[in-house]
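Q: can't give you the sequence, but here's the structure:
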């Protein structure tokens, strides 16, 4: 079963029984989640002599998927279960492939023609975007799986002319520079996040306006620090608000991934409670991550009106500054795996090979505070 097929089961809220044969610690840290998914974690080395001990725990009325880190162990266990007469599948490419899968979803149209596409990295919670107008495309917060974006643009007949990172990412490796180099597009990065980068970029600053295509579509930058000191939101077509890692659907951004939690709390609150309050509540919020599977809409996209988030998102409804400070500086989730190395990679200071990059990114989204 491919990652795409599993993603469709998540979107359609289908039943799936997952036998995860990774070590218990790896399973507890990060697993495939779905509304109607059931899990059983038994490390594969406990099954080397046979699967008889778990047969009575496997359902006969649900699809069964065996999952491991890279595929090999799950094939072996799936074959053993199949020999016992049960229908069973294994996850193609294992959790490594799951971590890298991007599912494109159309999230809306532009006023004068054009579309906005969201690329859902379902296994890690990352969200990237492509804004298309009159044969030109802008990519926002792309992941390192750059061929997905270049091939998608080619298939729809669009030329990538601009690439944006809303901030210096700490939980995944950006594909922005690579895409810009491949396509000749302009690469934009907030200058306050780029003080240590080793490459050329165009500064993404407040009131920057970038035209995509020959229509009136514009991308307007809005400085919104807090997750990082340079974090910058994008307003597209007066309809869509790309919030980066400042605001999510069910949570808000954490301010500690550059070691500046106490220093950036005020910036984070100011961005969320003042800058965003000045914007139209009709704007559709399109964040750079999601945290829980419940944030997915029926079509698999992740979005919501800004006004609705001001009503429902707990992080936007904390009246006392002291309580807000406590939320975003205490009891934070674990920091992303290898986040310092990921930041240095995104600065251009180190250049790990592809396998090392995969290893650095393994694990769930940890950019949020709930």
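A: That came through fine. Predicted model, so just to flag it, every value in this text is computed and none were measured. Numbers count the residues shown, from 1 in each chain.
Q: contacting residues for the residue nearest in space to the middle of the chain?
A: The chain has residue 126 as the residue nearest its centroid, 0.5 Å off, counting by Cα atoms, centre = their mean. Going by Cβ atoms under 8 Å, 6 or more residues apart in numbering, residue 126 touches 141, 143, 171, 172, 288, 289, 365. The C-beta positions use only the backbone N, C-alpha and C, and glycine is treated the same way.
Q: low pLDDT regions in the stretch 151-300 of the chain?
A: For the stretch 151-300 of the chain, applying pLDDT under 70 flags the ranges 214-218, 226, 256-261.
Q: would you list every one of the helices in it?
A: Assigned helices in the stretch 151-300 of the chain, in chain order: 176-183, 261-270 (criterion: DSSP state H, counting those that start in this stretch).
Q: what is the longest one packed up against?
A: Other elements packing on helix 261-270 under the criterion 3 or more Cβ pairs under 8 Å, 6 or more residues apart in numbering; DSSP states H and E are helix 321-329.
Q: hang on, the earlier thing: and the helices of the stretch 151-300 of the chain: which comes nearest residue 159?
A: Checking these against residue 159 by Cβ to Cβ gives helix 176-183 as the closest, at 7.4 Å.
Q: the closest residue in space to residue 189 that isn't next to it in sequence and residue 11, how far apart?
A: Spatial nearest neighbour of residue 189, excluding adjacent residues (Cβ to Cβ, 6 or more residues apart in numbering): residue 201 at 4.4 Å. The gap separating residue 201 from residue 11 is 35 Å, by Cβ to Cβ, to the nearest Å.
Q: and what of residue 266?
A: Residue 266 is 39 Å from residue 11, where distance means Cβ to Cβ.
Q: out of those two, which sits in the more crowded spot?
A: residue 11 (21 against 15; other Cβ atoms under 10 Å).
Q: which non-adjacent residue is nearest the more buried one?
A: Sequence neighbours aside, residue 300 is the residue nearest to residue 11 in space, at 4.0 Å (criterion: Cβ to Cβ, 6+ apart).
Q: doesn't residue 103 make contact with the one you found?
A: Yes: contact status for residue 300 versus residue 103: in contact at 6.4 Å, counting by Cβ atoms under 8 Å.
Q: what residues do the two have in common as contacts?
A: 7, 120.
Q: residues touching residue 30, list them.
A: By Cβ under 8 Å, 6+ apart, the contact list for residue 30 reads 95, 362, 363, 364.
Q: which one of those residues is nearest to residue 47?
A: Of all the contacts of residue 30, residue 47 sits closest to residue 95, with 17.5 Å by Cβ to Cβ.
Q: so the closest one sits in a helix?
A: Yes: under DSSP: H, G, I helix; E, B strand; the rest coil, residue 95 sits within a helix.
Q: need the contact list for it.
A: 22, 30, 32, 67, 68, 69, 70, 123, 362.
Q: go on, residue 152?
A: 104, 117, 119, 130.
Q: residues touching the first one, list them.
A: Read it as residue 104. Contacts of residue 104 (Cβ under 8 Å, 6+ apart): 117, 118, 119, 120, 148, 152.
Q: checking it next. Helix, strand or coil?
A: Classified using three-state DSSP, residue 104 is strand.
Q: from residue 176, how far out is it?
A: 18 Å.
Q: pretty sure residue 209 sits against residue 234.
A: No: the criterion here is Cβ under 8 Å, and residue 209 misses it with residue 234 at 10.7 Å.
Q: look up the closest residue to residue 348, ignoring the ones flanking it.
A: For residue 348, ignoring the flanking residues on the chain, the nearest one in space by Cβ to Cβ, 6+ apart is residue 198 at 3.7 Å.
Q: count the residues that sit near that neighbour.
A: For residue 198, using other Cβ under 10 Å, the count is 10.
Q: contacting residues for it?
A: By Cβ under 8 Å, 6+ apart, the contact set of residue 198 is 347, 348, 349.
Q: and for residue 3?
A: 91, 92, 93, 97, 98, 101, 122, 123.
Q: let's see 10 Å
A: 32, 91-95, 97-103, 122-123 (Cβ atoms under 10 Å, 6 or more residues apart in numbering).
Q: again, but for residue 62
A: The contact partners of residue 62, taken as Cβ under 10 Å, 6+ apart, are 14, 15, 16, 17, 18, 36, 37, 38, 87.
Q: mind redoing it with 7 Å?
A: By Cβ atoms under 7 Å, 6 or more residues apart in numbering, residue 62 lies in contact with 15, 16, 17.
Q: residue 272 too?
A: 246, 247, 252, 316.
Q: measure the second one to residue 278 for me?
A: Going from residue 247 to residue 278 by Cβ to Cβ gives 14 Å.
Q: between these two, which one's more packed in?
A: Set residue 247 next to residue 278 and count neighbours by other Cβ under 10 Å: residue 247 wins out with 27 against 7.
Q: burial count for residue 50?
A: Neighbours of residue 50 using other Cβ under 10 Å come to 11.
Q: one more: residue 292?
A: Neighbourhood size, residue 292 [other Cβ under 10 Å]: 16.
Q: can you check the one 5 residues further on too?
A: The local packing count at residue 297 equals 13, with neighbours defined by other Cβ under 10 Å.
Q: skip the chain neighbours and tell me the closest residue to it.
A: Residue 297's closest residue in space is residue 303 (Cβ to Cβ, 6+ apart), at 6.6 Å.
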